[in-house]
Every structure is written in C-alpha cells, then in structure tokens.
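[1] Please find the sequence and the predicted model below.
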Amino acid sequence: MDPTTGLTQAESRELENRLNKRQVKEFMNLFGNLVDNCFTSCVDDFTSKALSGRETGCISRCVLKSMATQTRLSERFAELNASMSAELQNKGR
Amino acid sequence: MDPTTGLTQAESRELENRLNKRQVKEFMNLFGNLVDNCFTSCVDDFTSKALSGRETGCISRCVLKSMATQTRLSERFAELNASMSAELQNKGR
Amino acid sequence: MDPTTGLTQAESRELENRLNKRQVKEFMNLFGNLVDNCFTSCVDDFTSKALSGRETGCISRCVLKSMATQTRLSERFAELNASMSAELQNKGR
Amino acid sequence: MSLFGFGKAQPTSAERISAVENELKVVAEMHTRMVKICTLKCVDKTYREGELSKGEAVCLDRCSAKFFEAHQKISDHLQQQSQQQGGGFGMGA
Amino acid sequence: MSLFGFGKAQPTSAERISAVENELKVVAEMHTRMVKICTLKCVDKTYREGELSKGEAVCLDRCSAKFFEAHQKISDHLQQQSQQQGGGFGMGA
Amino acid sequence: MSLFGFGKAQPTSAERISAVENELKVVAEMHTRMVKICTLKCVDKTYREGELSKGEAVCLDRCSAKFFEAHQKISDHLQQQSQQQGGGFGMGA
C-alpha cells in the first residue's frame, strides 16, 4: 500500500497505465498548441505557398521561447502547488 | 422500463453512473472557465506578485455576475429546449 | 491480416467501431463550431428576440461558405498528407 | 433533437444507453456554447457591478432565443445539404 | 486540492483509482490554463528573440503567483456560495 | 507521421489497435487545427457571399501548404531538442 495515495500495488499499476495515456494526450495538446500559436504569430503572408526565411526564423524563435516559458511556468507551478498543499495539510486538510 | 427513454432499470442505473461522471467533468470545466474569464478580465498589473484590492474586488464581482449569467441562461435554455421538444413532438418527431 | 496496418480482422473490426464513435464526435464538433462561428459573425443586434432577415441571410451564406472552406481544405489536407507520407516512406520511415 | 435515433430493429443494451447519453451530451454542449457566446455578446467585462444590469439581462434573453433559432436553422440547412449531396461535409477521409 | 475526497465508508478499487486520477487531472488542467493565460499576459508575440527577456520572466513569475491566489479565492467563493444556496451553479437540469 | 511506433517485441491486440487509433487521431486533430487557423487567416467574416472568392481560395491553398511545412519544422525542432536535453518540455511532474 502506498501511504500517500492509499492505493494497493495493483491499483497503483492501473493508475500508472492511465496516467501514461494522459501524458501522451497532454503532450499532443502541448504540441498542437505550439503549432497553433507559432503559426498564428509568425505566418501572415499568403503570396507564396512556401515559408519565407523570415517566417521560418520567427517559428524557430517562437518554439524556443515557448519551451522556455513552459519550463519556467512549470517550475513556478510545482513550487506554488507544493506550498499550497503544505498549507492545506497544516489546516488538517 | 422508463417510458420516456425506453431503458430498463439496469440500463437506467448505468446511464445515471455515466451522467454523474459527466456532471463532475462539466462542473470542472465551468469552474475552469470562470477562473480563466475572471482572471483575464480583472488582472493586468504585474508589478506585484499579490492580487491588489482592486483586482480582488473585481474577481469577486466577476464570480457573482458569472453565476447570475449562468443561472439566467440556464433558465432560458430549459424553456427554449422544452418548447422546441414540444414542437418536434407535434410534428410526429 | 491487413498489410497496411498489421491488424487482424477482429482487431480491424474493433478499430472500425472506435473510429465510428470518433466520427460522430467529430461531426458534432464541426457542427458546433459552425454554429459558434456563424452566430458570432452574423448576429450582433439584440433589440429583438427573433433573427432579422439580414441575420438569417448572413447565416445561410456563412454555412455555405464554411462548407466550401471545409471541402477545399480537406482536399488540400489529403494531398499534402499523402505526399508527406510518401516522403517519409522514401526515407525508410 | 433526435440526432441519434434507433434506426435498427433491436438495439443492444449498450447501444440504447449510448443513444440516450449522446442526446443528452448534444444538449449539454449546446448549452455550454450558448453560455459562452451570449456572455461574450451581452455582459460587460469591466465588472464594476456584481449583478447583471437590466440591459444585460434583456440582452441575454434575446441572445438565447436567437441562438436557438440559429441552431435550428443551421441544423435544417445541413440536413437539406446532406440529402442533396449525400454528405460532403467532413474530413473526406 | 482535495476536491474528490473519500466520503463513503469503503470505496471500491475502481473508485479509489478514479479519485486519485481526478485529483491529478484537476491539477494538470489548472497547469494548462495557467500556461495559456500567463503566456498571453506576459510574452511578446513578435518573437524577435528566442529567449525570455528579464521583464517577461519576472512577469511570468508574478502572473503564476496571482493565478494561484485567484484560483484559491474563486474556489473558496464557490464553496461558500454553494453552502448558502445549496448549489445553483450548473445546468439546472 | 509515425509518432506511435511498435517499440516492443510483441504488442498485445489492444496496444496494436490503440497505436493505429492514435496515429489517426493525430492526423484528425492536425486537420481540425488547420481548418480553424486557415479559415481565420483567409476567409472574410462578413459573409456577403456564400462562395469563396478566388483570392480566398488561393489563400486557403497556400495557407494549408505553409501549415504542413510549419508543422513538420516544429516537429523536427522538438525531436532535436528532446534528443539533446532528454525532454524538458512538459509538466516536469
């Protein structure tokens, strides 16, 4: 039995399975949002059917900056979530 | 057998189970949209990491007004849906 | 065994079942997005509770144009997807 | 709103449940979309007040009636179209 | 964030897994919403640089802190409201 | 577009179905996103006409080609990044 979740080993395994599926889904959403956001922000010229050098550069920088944003916000999220959980624990949950 | 839905009792129970899950999901969406909407509308000053009095007040009013909107539209929706269903029934469905 | 997917017949049937469910879901999304888009673009006058002739006309044209857009983009998508798949196949996948 | 009728002679238990579940889901999604759109069209986002103004309330009532009318019109439209052309509105896959 | 506690005496295995899964899902959705909103509030969309500027990074930190505070406030608000009125925030179906 | 390959020696029946289902889902979501973005970029929202103008049609063709190119570029980008850093783009949970 996992003392944090109160689940048996078999239950933990089933949960892990489902979380893996969720993670695949979340990664796909993340990727889709990245494409949406960078394409919308960087591509506005439809006089040609190939990306221009300017557009390609913008997309590369957009991907890098979006990943930096994601990383920074995930760190903050983890910190804030931990301190909130600690607070709730102190109140007796 | 339920004469409206044409389901047996066991089927009704299974349906109820699924609808409960859906309701939890819908409530979570509702709550998430409320946070999105009220945060986006009320918070625009990032010179501090704590909500200002003005922002907190705006969020409270936003929550109240959003609940009033939700309630009013749900009443209208129920009326309109009922009258539309009655109309379809009259046409012989 | 299907040589393209590598699935047995029973697996293909199960897959088809799931894809049918997905198609219903996708059609519902498509329809919902159509209503959202055409209502948002065409209806802006709330001095009456019935659609005006102008609004009704706008909605009809919006539906037609959206279907034309959907059809054209789906053709392009199929072509682009086919040529991309062929390219990947050539690289040895 | 019978988008998912019982076409076949004897639907299985799972099919009967899914049919009712789907009808309810269609109605729930329509509700969600209506709330989103009519809030956007009618409710002032500065949140100086926590209550709906008279003007906002009337706008919501009219918006919901127009939304139902538009929803019905678009639904009829698509049904006509699909009878004439035998589909054509989809991924074309 | 214990929105889905163990109210009943002896939850089944499936219920225990769902409860943990739901808590994690709530947290994941909150994370996704925060990333979307704070990116919108803080990150310049011209992508002249592939890195976050100092100003953008600080804005993201403050935005995430404010988002957690707002999230908590709105959650408390709704809980109070639902205790006073016994619900009222939903589809009313 | 083989994001979900068969890494292990002998995948079970359920895994094989899921793999094919996931590939199709990725393609369907990409299609949905492309329709949404290119409609936004190319189609005039006043709906004075029920047909696509020549200019709109050409814009849609080019937009879809650019969308595929951007999609591919971003996908390659992420794959490089994840090989260099071993992940880092996710919730960090």
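    Now that the structure is in, tell me what you want to look at. Quantities reported herein were computed from a predicted structural model and do not represent experimental measurements.
[2] So in the chain, where's the weakest helix or strand by average pLDDT?
    All of this refers to chain A. Here the helix or strand of chain A ranked lowest by mean pLDDT, DSSP states H and E is helix A:9-42, holding a mean of 90.
[3] mind listing what's buried in that helix?
    A:11, A:14-15, A:19, A:26, A:28, A:30-35, A:37-39, A:41-42 (16 or more other C-beta atoms under 10 Å in any protein chain shown). Backbone N, C-alpha and C define where each C-beta goes, glycine included.
[4] Among those residues, which ones lie close to chain C?
    Restricting the buried residues of helix A:9-42 to those near chain C by C-beta under 8 Å from any C-beta of the partner chain leaves nothing, as none qualifies.
[5] so after the helix-or-strand element of chain D with minimal mean pLDDT, what's the next helix or strand?
    Counting by mean pLDDT, DSSP H and E, chain D has its least confident helix or strand at helix D:13-42, which shows a mean of 90. Next helix or strand after helix D:13-42 toward the C-terminus (DSSP states H and E): helix D:54-85.
[6] What is that next one packed up against?
    Here helix D:54-85 touches helix B:53-90, helix C:9-42, helix C:53-90, helix D:13-42, going by 3 or more C-beta pairs under 8 Å, 6 or more residues apart in numbering or on different chains; DSSP states H and E.
[7] residues of that helix that come out buried?
    So helix D:54-85, judged by 16+ other C-beta under 10 Å, has buried residues D:56-57, D:59-71, D:73-74, D:77-78, D:81.
[8] same deal with stretch A:73-92?
    The neighbour-count check on stretch A:73-92 (16+ other C-beta under 10 Å) flags A:73-74, A:76-77, A:80-81 as buried.
[9] ok and the residue in chain A nearest chain C?
    residue A:49 (10.2 Å; C-beta to the nearest C-beta).
[10] which residues does that residue contact?
    Shown in contact with residue A:49 (C-beta atoms under 8 Å, 6 or more residues apart in numbering or on different chains): F:61-62, F:65-66.
[11] helix/strand/coil for it?
    Of the three states, residue A:49 takes coil under DSSP: H, G, I helix; E, B strand; the rest coil.
[12] Can you tell me how far it is from residue F:71?
    14 Å (C-beta to C-beta, to the nearest Å).
[13] can you check residue D:60 too?
    40 Å.
[14] How about residue D:34?
    Taking C-beta to C-beta, one finds residue D:34 at 33 Å from residue F:71.
[15] got it, and residue A:28?
    From residue A:28 over to residue F:71 the distance is 13 Å, taken as C-beta to C-beta.
[16] what's the answer for residue D:55, then?
    Taking C-beta to C-beta as the measure, residue D:55 falls 45 Å from residue F:71.
[17] Name the residue most distant from the centre of chain A?
    residue A:47 (34.1 Å; C-alpha atoms, centre = their mean).
[18] which residues touch that residue?
    Counting by C-beta under 8 Å, 6+ apart, residue A:47 has contacts residue F:62.
[19] try it again with 6 Å
    For residue A:47, no contacting residues are found, by C-beta atoms under 6 Å, 6 or more residues apart in numbering or on different chains.
[20] Angles on the backbone of it, please.
    phi -90, psi 0 (degrees, to the nearest 10).
[21] can you check residue D:53 too?
    Backbone torsions for residue D:53, taken as degrees, to the nearest 10, come to phi -70, psi 160.
[22] which residues sit in contact with it?
    Residue D:53 neighbours (C-beta under 6 Å, 6+ apart): none.
[23] Give me the pLDDT value at it.
    For residue D:53, the model assigns a pLDDT of 98.
[24] how about stretch A:23-42, does it reach chain E?
    Yes - using C-beta under 6 Å from any C-beta of the partner chain, stretch A:23-42 reaches chain E at residue A:41.
[25] typed the wrong thing, it's stretch A:80-89
    Yes - Stretch A:80-89 is in contact with chain E by C-beta under 6 Å from any C-beta, via residue A:80.
[26] and what of stretch A:8-16?
    Yes - using C-beta under 6 Å from any C-beta, stretch A:8-16 reaches chain E at A:11, A:14-15.
[27] Let me have those residues in a markdown table, extended by distance to chain F.
    Listed next are those as a markdown table, based on distance: C-beta to the nearest C-beta, whole Å:
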| residue | distance to chain F |
| --- | --- |
| A:11 | 19 |
| A:14 | 14 |
| A:15 | 14 |
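[28] of these, closest to residue D:21?
    When these are ranked by distance to residue D:21 (C-beta to C-beta), residue A:14 comes first, at 24.2 Å.
[29] need the contact list for that closest one.
    Contacts of residue A:14 by C-beta under 6 Å, 6+ apart are residue E:17.
[30] That one and residue F:67, how far apart?
    39 Å.
[31] Let me know whether residue A:39 touches residue F:70 as I believe.
    Yes - here residue A:39 reaches residue F:70: they are 4.9 Å apart, a contact under C-beta atoms under 6 Å.
[32] For the residue nearest to residue D:67 when sequence neighbours are not counted, grab the count of nearby residues.
    Using C-beta to C-beta, 6 or more residues apart in numbering or on different chains and skipping the chain neighbours, the partner closest in space to residue D:67 is residue D:34 (4.9 Å). A count of nearby residues for residue D:34, using other C-beta atoms under 10 Å in any protein chain shown, gives 24.
[33] circling back to that earlier point, by how many degrees do the least confident helix or strand of chain A and helix A:53-90 diverge?
    Orientation check (axes from the mean of the first three to the mean of the last three C-alpha atoms, to 10 degrees): helix A:9-42 against helix A:53-90 gives 140 degrees.
[34] confidence score at the nearest residue to residue D:77 once chain neighbours are set aside?
    Among residues not flanking residue D:77 along the chain, residue C:63 sits closest, at 5.0 Å (C-beta to C-beta, 6+ apart). Looking at residue C:63, its pLDDT is 97.
[35] Give me the contact status of stretch A:50-57 with chain F.
    Yes - residues of stretch A:50-57 contacting chain F under C-beta under 6 Å from any C-beta: residue A:51.
[36] For residue F:28, which of the helices and strands packed on helix D:54-85 is the nearest?
    Nearest to residue F:28, of the helices and strands packed on helix D:54-85 and by C-beta to C-beta, is helix C:9-42 at 6.5 Å.
[37] what about the closest one, distance to the chain center?
    Here the centre of helix C:9-42 is set off from its chain's centre by 7 Å, with C-alpha atoms, centre = their mean, to the nearest Å.
[38] Run the angle between it and helix D:54-85 for me.
    Using the same axes, to 10 degrees: helix C:9-42 against helix D:54-85 is 130 degrees.
[39] Grab the CA positions of stretch D:39-55 and hand them over as PDB.
    Coordinates of each C-alpha in stretch D:39-55 appear next as PDB, following Å, rounded to 0.1, in the frame of the first residue of the first chain:
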ATOM      1  CA  THR D  39     -21.900  36.100 -22.200                       C
ATOM      2  CA  LEU D  40     -19.400  37.400 -24.800                       C
ATOM      3  CA  LYS D  41     -22.200  39.300 -26.700                       C
ATOM      4  CA  CYS D  42     -24.000  40.800 -23.700                       C
ATOM      5  CA  VAL D  43     -22.000  41.000 -20.500                       C
ATOM      6  CA  ASP D  44     -19.700  44.000 -19.800                       C
ATOM      7  CA  LYS D  45     -16.300  42.700 -18.800                       C
ATOM      8  CA  THR D  46     -15.200  45.500 -16.500                       C
ATOM      9  CA  TYR D  47     -17.100  44.000 -13.600                       C
ATOM     10  CA  ARG D  48     -17.900  47.300 -11.800                       C
ATOM     11  CA  GLU D  49     -21.000  45.600 -10.600                       C
ATOM     12  CA  GLY D  50     -21.600  42.000  -9.300                       C
ATOM     13  CA  GLU D  51     -25.100  41.900 -10.700                       C
ATOM     14  CA  LEU D  52     -26.500  41.900 -14.200                       C
ATOM     15  CA  SER D  53     -27.800  45.200 -15.300                       C
ATOM     16  CA  LYS D  54     -31.400  45.400 -16.800                       C
ATOM     17  CA  GLY D  55     -29.900  45.800 -20.200                       C
END
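[40] Okay then, goodbye and thanks.
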